[in-house]
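Peer 1: got a structure for you, letters missing:
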């Protein structure tokens with residue numbers, strides 16, 4: 001099958017779609033990517049790229065990648081994000097049809113993280129190519145705009161809701177990343193279009209590679225202590241204030257370390273607060289590429305995932321949950337709703353309410369008090385659940401079947 005993938009985010013940015021594309025190609029499908037310039041999460045265009053001009057490159061040795069100009073996110077804020085989102089729409093509409101000219105595709109597939117506006121160039125591409133369009137929705141609009149506080153005006157949110165309804169109307173199929181998304185998306189889309197298709201992840205090696213760019217001193221410190229590792233974006237959505245409050249409450253356990261691997265809009269605040277509050281039990285490791293994550297996960301005693309308290313986040317399963325399950329380590333979920341449900345259903349760890357620092361500290365202390373066999377049992381249960389529900393190769397096969405059924409006009 002020949003797939004035109006439209007996504008505002010793609011390699012070298014770290015998202016699950018990168019691995020999914022490789023898995024689809026390994027199964028014999030052809031994928032061509034239409035995207036922007038990488039700048040997530042720090043808001044600066046990655047070295048080797050320019051915000052201006054189009055660019056062509058090849059991913060994984062055989063996947064053509066077409067990049068259009070993009071205004072970077074900068075340091076965040078509603079105005080910067082709006083300009084970032086609109087620049088992808090504008091340049092995608094201008095350049096994607098030319099980049100796809102003379103080529104044959106069976107389906108346009110949209111990887112739809114925030115913003116949903118990234119689907120607008122895909123809709124135009126669908127009309128130009130005369131192919132079906134399938135969206136994979138991993139973030140809810142307009143709900144996420146109000147949840148993050150970027151848009152508070154009710155009239156604006158109502159207008160965004162109308163735009164979302166129009167975008168869904170143009171999609172032939174809408175895949176959603178959690179079961180809770182089904183009802184939420186059905187408020188704006190024909191329910192018969194909606195199918196549950198969860199995030200997936202590559203099976204994590206239980207033993208990390210011998211070669212690494214991570215400092216041996218840092219790795220030794222993680223290994224030596226009872227380290228609870230958090231990986232990924234460090235932004236407002238991750239409720240990082242709760243993580244520091246919990247760390248402050250854990251200072252009576254001198255061997256516990258909270259290791260934050262990543263970067264984002266709250267990185268500077270975290271560094272300031274760590275110093276101001278004397279939180280020596282917090283390690284700010286910085287950002288590393290995805291292929292270095294096994295170095296951290298394999299040395300952790302537990303893995304931490306957190307989100308803010310809000311209805312929309314309660315409906316979301318963060319993508320890192322699948323990676324954590326694959327790592328075979330206990331998970332502590334400072335989450336409400338679906339994300340916590342997956343961890344508990346898998347028997348993979350402990351969960352507490354979002355933004356509850358007292359409960360989070362208690363979960364970490366409980367994990368600390370367990371025996372090694374008890375913690376190993378939690379990790380093994382999580383890995384078994386991952387292999388049954390989220391493993392990359394199986395999920396790529398299922399996605400291909402869903403796309404093929406849409407191309408052939410079959411019912412699902």
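Peer 2: Looks like it came in fine. Given the structure is predicted, the values throughout are model-derived calculations rather than measurements.
Peer 1: buried ones in the helix or strand hosting residue 367?
Peer 2: For residue 367, the enclosing helix or strand under DSSP states H and E is helix 357-369. Of the residues in helix 357-369, 357, 359, 360, 361, 362, 363, 364, 367, 368 count as buried by neighbour count, 16 or more other Cβ atoms under 10 Å. In short, each C-beta sits where N, CA and C put it, glycine included.
Peer 1: Quick one: distance of the lengthiest helix in the chain to the chain centre.
Peer 2: As assigned by DSSP state H, the longest helix anywhere in the chain is helix 78-100. Remark: helix 78-100 is offset 21 Å from the chain centroid, using Cα atoms, centre = their mean, to the nearest Å.
Peer 1: same question, stretch 190-203
Peer 2: 14 Å.
Peer 1: Which residues are in contact with residue 257?
Peer 2: Each residue near residue 257 by Cβ atoms under 8 Å, 6 or more residues apart in numbering is listed here: 221, 222, 225, 226, 227, 228, 281, 282, 283.
Peer 1: Provide the secondary structure category for it.
Peer 2: strand (DSSP: H, G, I helix; E, B strand; the rest coil).
Peer 1: Retrieve the pLDDT associated with it.
Peer 2: Residue 257 carries a pLDDT value of 98.
Peer 1: I'd like to know the beta-bridge partner residues of it.
Peer 2: Judged by DSSP bridges, the bridge partners of residue 257 are residue 227.
Peer 1: hmm, who's touching the very next helix or strand once past the longest helix of the chain?
Peer 2: Per DSSP H and E, helix 78-100 leads on to strand 107-112 as the next helix or strand towards the C-terminus. Strand 107-112 has contacts (Cβ under 8 Å, 6+ apart) with 1-7, 9-10, 15, 17, 118-119, 122, 125-126, 129, 131-139, 171, 403, 406-407.
Peer 1: Could you turn the buried ones of these into a PyMOL selection?
Peer 2: Entered in PyMOL, the line below selects the buried ones among the contacts of strand 107-112, by 16+ other Cβ under 10 Å:
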select buried, resi 1+3+4+5+6+7+9+10+15+17+118+119+122+125+126+129+131+132+133+134+135+136+137+138+139+171+403+406+407
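Peer 1: hang on, the earlier thing: pLDDT (mean, whole number) over the very next helix or strand once past the helix holding residue 367?
Peer 2: Remark: after helix 357-369, the chain's next helix or strand is helix 372-389, criterion DSSP H and E. Averaging pLDDT along helix 372-389 yields 97.
Peer 1: and what of stretch 286-295?
Peer 2: 92.
Peer 1: buried residues in that stretch?
Peer 2: Result for stretch 286-295 [16+ other Cβ under 10 Å]: buried residues 287, 288, 290, 292, 293, 294, 295.
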